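Peer 1: Dropping a prediction and its sequence here:
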Amino acid sequence: MKFRIYHLHRSYMMHRWLMPLPKHSSYRYLCMNSPKHSLSTLRNHHHHDHATRFMQPQLKKLSHITWCKPLTSDAAINAKDWERFIKDNTEVSLDHLTPEITLRLITPRCHLWSVPYSECEDAGVTDPYWAFYWPGGQALTRFLLDNPDFVRGKSVLDIGSGCGASAIGCKVAGAYRVMANDIDPVSIQAIKMNAALNHVTLETSTENFIGRHISDWDVILLGDMFYDNDFTNMVSDWLKYLSSFNTTVLIGDPGRFYLQSHPIKKQLTKVFEVELPEQSRLENNGLTQGFVWQLVKEKNL
């Protein structure tokens, strides 16, 4: 099988796996033409235009919100500053599918939820995705807690970990080694804080593992990663490569079009389905279910 290698460059200032924000993006249109849109509005818009997850946040000053000191692109992340920012702009929440796990999230009661987007943009907080518990991740974590044998005593790598819920769930379920991986250092700080809330210890990494040979992990998790056509193609090529090893790959997704319509779907077996709670439906533009898929050996696609 021919496996495509993707070379990504950090200078694009892109979120997640550093994909560019499309010029035709309706998210870009909202940003430029609707300054009164709030973070919550754009979060709901995410279901239609997943480009909203591509921008990596950096903090600057904003007078009426508790921000950290400004950071330049070359500055080292000050963990204490980020920790203070996360504490001041999130709240501890159990309002999700896995109330066994405590998470710091942006909720409707948080100031950032309703701040006009133009002000968030001025502050550099264009998309704090790590402060939301996405529906695919909720379904995946619920599955792992209900079916601990999938990870008990095993090593687990959680790709695009976000708030860290699935990684934390693996530790709670008895995995002996868990690494939460996200290229955003602010996400890593949030993951560490959430792990501490749940009295578990995780390894963390900001390396980009997509496209790499990582067969030394027993289980690999991907939650809410199929939110764009190009990125879905990229991840799918990597998944086809991973299917040649004995690694268990589990995918959490709420039924987004990009996964449902992709040929990789033929290599996926559904192992779990769950109704999303009301708050998650409201936050995700009416998505009603979460699914967990397991990757099987490559077939002739």
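Peer 2: It's in. Numbers count the residues shown, from 1 in each chain.
Peer 1: hey, let's count contacts and neighbours off CA atoms from now on
Peer 2: OK.
Peer 1: can I see the domain layout of the protein?
Peer 2: 10-131, 135-295 (automatic domain parsing).
Peer 1: mean confidence for the longest one?
Peer 2: If you average the pLDDT over domain 135-295, you get 93.
Peer 1: now the shortest one
Peer 2: Taken as a whole, domain 10-131 carries a mean pLDDT of 57.
Peer 1: if you compare the domains of the chain, which one is most tucked away?
Peer 2: Ranked by mean neighbour count, the domains of the chain are led by domain 135-295 with a mean of 20 (mean count of other C-alpha atoms under 10 Å).
Peer 1: And Met225, how close does it get to Pro108?
Peer 2: 24 Å (C-alpha to C-alpha, to the nearest Å).
Peer 1: In the chain, which residue is most central in space?
Peer 2: Gly162 (3.9 Å; C-alpha atoms, centre = their mean).
Peer 1: where do the helices sit along the stretch 101-250 of the chain?
Peer 2: With DSSP state H, counting those that start in this stretch as the criterion, the stretch 101-250 of the chain has helices at 111-114, 117-123, 135-146, 165-172, 185-197, 229-242.
Peer 1: Out of the ones you listed, flag the one nearest Arg104.
Peer 2: The closest of the helices of the stretch 101-250 of the chain to Arg104 is helix 185-197. By C-alpha to C-alpha, the value is 6.5 Å.
Peer 1: contacts for the closest one?
Peer 2: Contact partners of helix 185-197, identified using C-alpha atoms under 8 Å, 6 or more residues apart in numbering, comprise 77, 79, 82-83, 86, 102-104, 130-131, 161-165, 168, 180-182, 201-202, 204-206.
Peer 1: Out of those, list just those in strands.
Peer 2: Using DSSP state E, the subset of these located in strands is Leu103, Arg104, Ala180, Asn181, Thr204, Ser205.
Peer 1: TSV for those, including distance to Leu157?
Peer 2: Shown next, in TSV, are these (distance: C-alpha to C-alpha, whole Å):
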residue	distance to Leu157
Leu103	19
Arg104	21
Ala180	6
Asn181	7
Thr204	9
Ser205	10
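Peer 1: Just give me the closest of those to Val235.
Peer 2: Asn181 (15.0 Å).
Peer 1: The closest one bridge partners, please.
Peer 2: Under DSSP bridges, the beta-bridge partners of Asn181 are Ile159, Ser205.
Peer 1: Report the contact partners of it.
Peer 2: Here Asn181 is in contact with Leu157, Asp158, Ile159, Gly160, Ser161, Ile188, Thr204, Ser205, Thr206, Glu207 (criterion: C-alpha under 8 Å, 6+ apart).
Peer 1: and what of Leu259?
Peer 2: Phe226, Thr232, Lys265 are the contacts of Leu259 under C-alpha under 8 Å, 6+ apart.
Peer 1: what do you get for Lys171?
Peer 2: Applying C-alpha under 8 Å, 6+ apart, the residues near Lys171 are Arg177, Val178, Val200, Thr201, Leu202.
Peer 1: Which members of these are the farthest-apart pair?
Peer 2: Arg177 and Val200 (11.0 Å).
Peer 1: related to what we said a few turns ago, now, the most widely separated pair of the contacts of Asn181?
Peer 2: Applying C-alpha to C-alpha across the contacts of Asn181, the maximum distance is between Leu157 and Ile188, 13.9 Å.
Peer 1: any residues in contact with both of these two?
Peer 2: Shared contacts of Leu157 and Ile188, defined by C-alpha under 8 Å, 6+ apart, comprise Ala180, Asn181.
Peer 1: which non-adjacent residue is nearest Ile101?
Peer 2: Asn198 (6.5 Å; C-alpha to C-alpha, 6 or more residues apart in numbering).
Peer 1: got the contact list for the one you found?
Peer 2: Ile101, Thr102, Ile168.
Peer 1: re the thing from before, mind checking which of the helices of the stretch 101-250 of the chain is nearest Gln289?
Peer 2: helix 135-146 (7.9 Å).
Peer 1: ok, for the residue nearest to the centre of the chain, nearest residue in space, not its chain neighbours?
Peer 2: Closest to Gly162 by C-alpha to C-alpha, 6+ apart is Trp130, at 4.4 Å.
Peer 1: my read: the one you found touches Cys163, true?
Peer 2: Yes: between Trp130 and Cys163 there is a contact at 4.6 Å, judged by C-alpha atoms under 8 Å.
Peer 1: Between the contacts of Asn198, which sits nearest Leu94?
Peer 2: Relative to Leu94, and with distances defined as C-alpha to C-alpha, the nearest of the contacts of Asn198 is Thr102, at 5.8 Å.
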